[in-house]
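Peer 1: output the structure for:
(one chain, ligands or ions: 1)
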Amino acid sequence: MFADTKLLPPDPILGLTKLFQDDPRPDKIDLGVGVYRDINGTTPIMKAVAQAEANVTAKQTTKAYTPTDGAPGFGPAILDLIFGKDSETLSAGRAAAVQTPGGCGALRLAGELANSQGAASLTLGEPTWPNHVPLLSAAGLKLNSIPYYDRDANAVDFEAFKAGVSKLGPKDVLLLHGCCHNPTGADLSTEQIDEIATMAAAQGFLPLVDTAYHGFSKDLDADAYMVRKFSADLPEVLITYSCSKNFGLYRERTGALIYVGPNADNALAVKSHATSLARRNYSIPPAHGGAIVAEILSDAALTALWREELSEMAKRVQGNRRLLARTAENFGLHNQLSFIAEQAGMFSLLPLTDDQLRAMRDEHGVYIVGGGRINLCGVNENNVEHLVRSFKNATAP
Ligand code: PMP
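Peer 2: This is a model prediction of the structure:
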């Protein structure tokens, strides 16, 4: 069966990391891979996570299966976090959560759930996180693209986006990024979110809000605006949640699929379909990361420590944005790069052609993934001038 199987090409981002590692230049800069990194270039274990993990291990008495919706306490804790403890959506019992293997597992399950209930299509704004496409099309959905970002203006093209959204009807799903858009860093404003909510209410399409960077833009409440607004105004919302970035639990594969329905009975019915679809795929999610999150969020001191650590990470990335924009201004590049300071999350798109990206890498040792996405974590006081000088050089007429 496999005798003629051909080797697939390597993953382009991992290939870039290898090239970076093999580059002997001391002033090389890695802006590629999409994880949080501190000033030393490492992705640390958060202190709250290490403490919670020790507690979980000490308290654990069995490795027997968890319930189908994941580690006990995880779902309710995530619901409180994203909706806020006083949420009417929660008090009405309209929301249900299922733990999943990371945000990727949640996206695949969301796609399968929508497909199983007769979704006609799923619409994505362009560009989006490249993995959205295989994850959601593997779930059996027909994908459509509409414009989201204007690369000349370095900003959301809201009129073009709305024109695409205006064509959607009751059997359509619209994927939105909850905050910290990947790869552009350009989020919808609260007014624009309100407009999309009004369109969804009038046209009947189902929003699917991918939330992979909760807490990395402003704070945990402000970053949940889209989820809370849609849930308050619309009868049905799907939300995919990742604990990879905000809890630093990447390899523990911890996430959730959340459904908000018109009433509690409907929420439970849809949840039963989600767990049934998971059952025929990976059965139940890995418990460890979910238990850590539940432990943090059920302990006031650990929650306070985690919130502080998360806010420090977010502030560091925002500080790097301002540093890059300020340095660009000193190099006379205000018009080209000032937008970086206005955007949110770990990523932005540098306005570079493929040839310019290659020049950045080959001539200056600055490693950026195809399309121009940079991870702001890789920028610091020591390398920012080299980065901006390289940009100026590579884009010189
Ligand atoms: N959605 C987006 C937009 C992401 O950037 C990511 C992670 N890079 C995910 C979902 C999924 O993350 P994970 O499966 O690692 O939790």
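
Peer 1: check which element follows whichever strand or helix holds residue 270 along the chain.
Peer 2: For residue 270, the host element (DSSP states H and E) is helix 264-279. Downstream of helix 264-279, the next assigned helix or strand under DSSP H and E is helix 287-297.

Peer 1: and the next helix or strand after that next one, what does it pack against?
Peer 2: Where DSSP H and E defines the elements, the next helix or strand beyond helix 287-297 is helix 300-330. Under the contact criterion of 3 or more C-beta pairs under 8 Å, 6 or more residues apart in numbering; DSSP states H and E, helix 300-330 touches helix 47-59, helix 287-297, helix 334-337, helix 339-342, helix 384-395. Using the backbone N, CA and C atoms, a C-beta is placed for each residue, glycine as well.

Peer 1: which of those sits closest to residue 9?
Peer 2: Residue 9 sits nearest to helix 384-395 of all the helices and strands packed on helix 300-330, at 25.6 Å, using C-beta to C-beta.

Peer 1: and the residue of the stretch 251-397 of the chain closest to the ligand?
Peer 2: At 4.8 Å from the ligand, residue 255 is the closest residue in the stretch 251-397 of the chain, using C-beta to the nearest ligand atom.

Peer 1: look up phi and psi at that residue.
Peer 2: For residue 255, the backbone dihedrals are phi -160, psi -170 (criterion: degrees, to the nearest 10).

Peer 1: pLDDT on the helix holding residue 270, on average?
Peer 2: Helix 264-279 comes out with an average pLDDT of 98.

Peer 1: same question, stretch 152-159
Peer 2: 97.

Peer 1: that older thread, so what touches the helix holding residue 270?
Peer 2: Here helix 264-279 makes contact (C-beta atoms under 8 Å, 6 or more residues apart in numbering) with 68-69, 92-98, 100, 109, 112-113, 116-117, 257, 259-261, 284-285.

Peer 1: quick one: distance of that helix to the chain centre.
Peer 2: On the basis of C-alpha atoms, centre = their mean, to the nearest Å, helix 264-279 sits 24 Å off its chain's mean C-alpha point.

Peer 1: which residues does the residue of the stretch 251-397 of the chain closest to the ligand bridge with?
Peer 2: residue 100, residue 242 (DSSP bridges).

Peer 1: I'd like to know how far it sits from residue 281.
Peer 2: 14 Å (C-beta to C-beta, to the nearest Å).

Peer 1: okay, those two: which has more neighbours?
Peer 2: residue 255 (31 against 11; other C-beta atoms under 10 Å).

Peer 1: my guess is that one meets residue 99, correct?
Peer 2: Yes - applying C-beta atoms under 8 Å, one finds residue 255 in contact with residue 99, separated by 7.4 Å.

Peer 1: correct me, but residue 322 touches residue 343?
Peer 2: No - contact criterion C-beta under 8 Å: residue 322 and residue 343 do not qualify, at 11.2 Å.

Peer 1: looking at these two, which is more packed in?
Peer 2: residue 343 (22 against 11).

Peer 1: now that one: phi and psi?
Peer 2: Here residue 343 shows phi and psi, under degrees, to the nearest 10, equal to phi -90, psi 180.

Peer 1: could you do residue 126 as well?
Peer 2: Main-chain torsions, residue 126, degrees, to the nearest 10: phi -100, psi 140.
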